[in-house]
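> got a predicted structure plus its sequence, pasted below:
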Amino acid sequence: MPVRVRYAPSPTGSPHVGNLRTAIYNWLFARKEGGQFIVRLEDTDRTPGRYVPEGIWDIEESLRYLGIVPDEWWISGGPAAPYVQSERLPLYQEHAEQLIASGHAYRCYCTKERLEAMRQEQQANKQLTGYDRHCRNPEQREAMRAARALELGHEPPSVVRLAVPEEGTTIVHDLIKGDIVYDNRTQDDQVLLKSDGFPTYFLAATVDDHLMGITHIIRGDDWLSSAPKMVLIYEALGWTPPLFAHPPLIFGPDKKKLGKRHGSTQFVEFVDQGYLPEALFNFLVLLGWSAGEENQEIFSIPEMIARFSLDGISEHPAIFDYEKLKWMNGHYIRTSPPGRIVGLCLPYLIKAGLISDPPTLEQLEYVRRILPLEQDRMKTLSEITELAGFFFEDLDYPQGYDEKAVKKWLGAAHLRPMLEREIAAYAALPEWTAEELERVAQEIAADLGVKFAEVVHPTRVVTTGRTVGPGLFETLEVLGRERTIARMRSVLARELSTL
RNA sequence: GGGGAUAUCGUCCAGAGGUUAGGACGGGGGAUUUUCAGUCCUCAAACCGGGGUUCGAUUCCCCGUAUCCCUACCA
């Protein structure tokens, strides 16, 4: 039987990195096994605020960014269409009826108030919380229905609940955690169909997974507890349950489920910050999975597909390590062709107002020349504005100069003669190349009787406004004669007036 | 309260019934040098506790502890 797996996000917001990791695991498994990867939208929660249409777009964008193309989903359609649960309502209702008919489910007329009161009392008495199965008894149910009908003057709303067997056990076969045995007495009579006619997760996912021919359910560990309920529904419907795999959750640095308070958790935020798809993909896969004995960490997608297996997934939660992600992103930036990084950096430069939108050919050429100098230094694409800003900004001493840098290097006694010589020599330099610039600087250092570093450092501050950056002479070569000399003059002019 | 899962460096992962317990990120030191980054070399850093099983357990079993997840007409 061919493997069919699914990623089933809910549009309750923008997808979380943990969800995308699950999607990646599903996709890798499908590719590895030569099966199909299906994406299904679980939009059965109509509670105000929990249905976020823009979330759907983010789901599509995130998958696209990672290079994951589903074999079947609402965009492509497919043999099991529709792939959106709100368009499959009759299917769930039909199966709910079937479960009622076979005695595996029953209607419940209990009010929210009664349920709430019941829960309060259970908690107060430190009893086990859960539905007391009032309506499971036909007489009690009919009495409840009649009373409610009288009160409302019409047929009362009801939900459909699963009639969990009163004894026995349910086994969940999990490929990561092994077989897990649940005592049916610990299982609640879960609501399957809500009073608004929409199914709950348990019913919808079960019906869809079966109808869509899903063979392996790979989803976050927070779903583990619901697995026995799904197995019970499968059995009640006379179906064979699929295999499960529950990768552990991703935690924040405080070892709590990764959430808002931990900073960026939504996938699109990482995209905005300038993380490359391959870095995100590689990092997320490694967060909870390893290829075993080989100590490789950087994998291409084909390599990951070739090595992937569910039993390589670890059994305990992983803390999201932002530092390691940054390192990995830096690695992928460094090993990318410069031209690619140029293209990816443009939006950030435009947004920062450093170049026009659209950029001129001249600006493009300038960026193309700057990039090789900064590529090794970038951890995220968004850092380009910080790193290379001085190439674009108008530096006019002391405007745009880092105060500490000025204090550290522009107080030297030889500053003025040095600048005068540099301006003279550079203005007359026939070839504006890093080699020539350096040669001249060496000569000036010798001439002034100072160490080469005592020329380099002040010159860097004068021309870039800062103490750190790429090699000085490469920087000046790209910066150009005009900007270089203008910046030197601005310092010289100001320095003269202050002295 | 109930149910479930998990437990190796600070973090992410390896590992084997007997190992100097390995790699990566991060951290320390060094080299390169013109700062930063990068690169290279190098150092420090861990088997939750208690019982078993065994000649020998960090590894297998049990208990404890801790942590997390679930315990909705949310997914």
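Received, thanks.
> the stretch of helix or strand residue A:343 belongs to close to RNA strand B?
If you go by DSSP states H and E, residue A:343 is part of helix A:338-351. No: using C-beta under 7 Å from any atom of the strand, helix A:338-351 never reaches RNA strand B; the gap is at least 13.6 Å. All C-beta atoms are positioned from the backbone trio N, CA, C, and that covers glycine.
> and the next element down the chain from that helix?
Proceeding N to C from helix A:338-351, the next assigned helix or strand is helix A:361-374, under DSSP H and E.
> quick one: list the elements packing against that following helix.
Contacts defined by 3 or more C-beta pairs under 8 Å, 6 or more residues apart in numbering; DSSP states H and E place helix A:361-374 against helix A:338-351, helix A:384-392, helix A:472-479.
> now those helices in TSV, with distance to residue A:225 and mean pLDDT?
Below are the helices and strands packed on helix A:361-374 laid out as TSV (distance: least, C-beta to C-beta, whole Å; pLDDT from 0 to 100):
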stretch	distance to residue A:225	mean pLDDT
helix A:338-351	42	97
helix A:384-392	45	96
helix A:472-479	58	97
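> so which bits of the helix holding residue A:343 are buried?
For helix A:338-351, burial by neighbour count (16 or more other C-beta atoms under 10 Å) applies to A:341, A:342, A:345, A:346, A:348, A:349, A:350.
> show me the strands in the stretch 51-200 of chain A, by range?
A:105-108, A:159-162, A:169-174, A:178-183, A:191-193 (DSSP state E, counting those that start in this stretch).
> do you know how far the most far-flung residue of chain A relative to its centre is from residue A:124?
Distance from the centre of chain A peaks at residue A:447, with 56.5 Å (C-alpha atoms, centre = their mean). Distance from residue A:447 to residue A:124, counting by C-beta to C-beta, to the nearest Å: 90 Å.
> same question for residue A:426.
Taking C-beta to C-beta, one finds residue A:426 at 84 Å from residue A:124.
> the more surrounded of the two?
When residue A:426 and residue A:124 are compared for neighbours, residue A:426 comes out ahead with 19 against 8, by other C-beta atoms under 10 Å.
> where in chain A is pLDDT low?
Residues of chain A meeting the criterion pLDDT under 70: A:495-499.
> ok, the residue nearest the centre of it - contacts?
Nearest residue to the geometric centre of chain A (C-alpha atoms, centre = their mean): residue A:267, 2.4 Å. By C-beta atoms under 8 Å, 6 or more residues apart in numbering, residue A:267 lies in contact with A:14, A:15, A:16, A:17, A:19, A:20, A:58, A:62, A:65, A:280.
> what about the residue lying closest to the fifth one once chain neighbours are set aside, how many residues nearby?
This means residue A:19. Once flanking residues are discounted, residue A:19 sits nearest to residue A:9: 5.8 Å by C-beta to C-beta, 6 or more residues apart in numbering. Residue A:9 has 23 neighbouring residues, counting by other C-beta under 10 Å.
> near RNA strand B, which residues of the stretch 251-400 of chain A are found?
So the stretch 251-400 of chain A meets RNA strand B at A:251, A:255-257, A:286-290, A:292-293, A:295, A:297, A:312, A:314-319, A:321, A:323-324, A:327, A:330-331, A:334, A:376-377 (C-beta under 7 Å from any atom of the strand).
> just the buried ones out of those residues, please.
Judged by 16+ other C-beta under 10 Å, buried ones among those: A:251, A:257, A:286, A:287, A:288, A:289, A:317, A:318, A:330, A:331, A:377.
> rewinding a little: please report phi then psi for the residue nearest to the centre of chain A.
phi -50, psi -40 (degrees, to the nearest 10).
> next one: it from residue A:281, what distance?
Relative to residue A:281, residue A:267 is positioned 11 Å away (C-beta to C-beta).
> and for residue A:75?
The gap separating residue A:75 from residue A:281 is 20 Å, by C-beta to C-beta.
> the residue nearest to residue A:19 and residue A:18 touch, don't they?
No: in this structure residue A:9 lies outside contact range of residue A:18 using C-beta atoms under 8 Å: 11.1 Å.
> now the residue farthest from the centre of chain A, nearest residue through space, not along the chain?
residue A:421 (6.9 Å).
> and the residue of the stretch 151-300 of chain A closest to RNA strand B?
residue A:290 (2.6 Å; C-beta to the nearest atom of the strand).
> and the closest residue to that residue other than its chain neighbours, its phi and psi?
Leaving aside its chain neighbours, residue A:290 sits nearest to residue A:312 (5.8 Å; criterion: C-beta to C-beta, 6+ apart). Per-residue torsions, residue A:312: phi -90, psi 0 (degrees, to the nearest 10).
> got a list of what residue A:398 touches?
Residue A:398 touches A:406, A:494, counting by C-beta under 8 Å, 6+ apart.
> and residue A:228, how far from residue A:377?
52 Å.
> what's the neighbour count on residue A:464?
Quick note: residue A:464 (other C-beta under 10 Å) scores 26 neighbours.
> what's the answer for the one 4 residues further on, then?
Neighbouring residues of residue A:468 were enumerated by other C-beta under 10 Å; the total is 10.
> host element of it?
Under the criterion DSSP H and E, no helix or strand holds residue A:468.
> next: residue A:442.
helix A:434-448.
> pull out the buried positions in that helix.
Buried-residue list, helix A:434-448, by 16+ other C-beta under 10 Å: A:436, A:437, A:438, A:440, A:441, A:444, A:445.
> measure the third one to residue A:424 for me?
In this structure, residue A:438 and residue A:424 are 17 Å apart, going by C-beta to C-beta.
> please apply the same query to the fifth one.
Using C-beta to C-beta, one obtains 13 Å as the distance from residue A:441 to residue A:424.
> please apply the same query to residue A:300.
Computed as C-beta to C-beta, the residue A:300 to residue A:424 distance reads 53 Å.
> and for residue A:170?
Per C-beta to C-beta, residue A:170 is found 88 Å from residue A:424.
> between the two, point out the one with more neighbours.
For residue A:170 versus residue A:424, the count of surrounding residues by other C-beta under 10 Å is larger for residue A:170: 21 against 13.
> got a list of what the more buried one touches?
A:181, A:182, A:184, A:187, A:228, A:231, A:232.
> hmm, 10 Å instead?
Residue A:170 sits next to A:164, A:180-184, A:186-187, A:227-232, A:235, A:241 when contact means C-beta atoms under 10 Å, 6 or more residues apart in numbering.
> greatest separation within the residues you listed: which pair is it?
A:186 and A:241 (18.4 Å; C-beta to C-beta).
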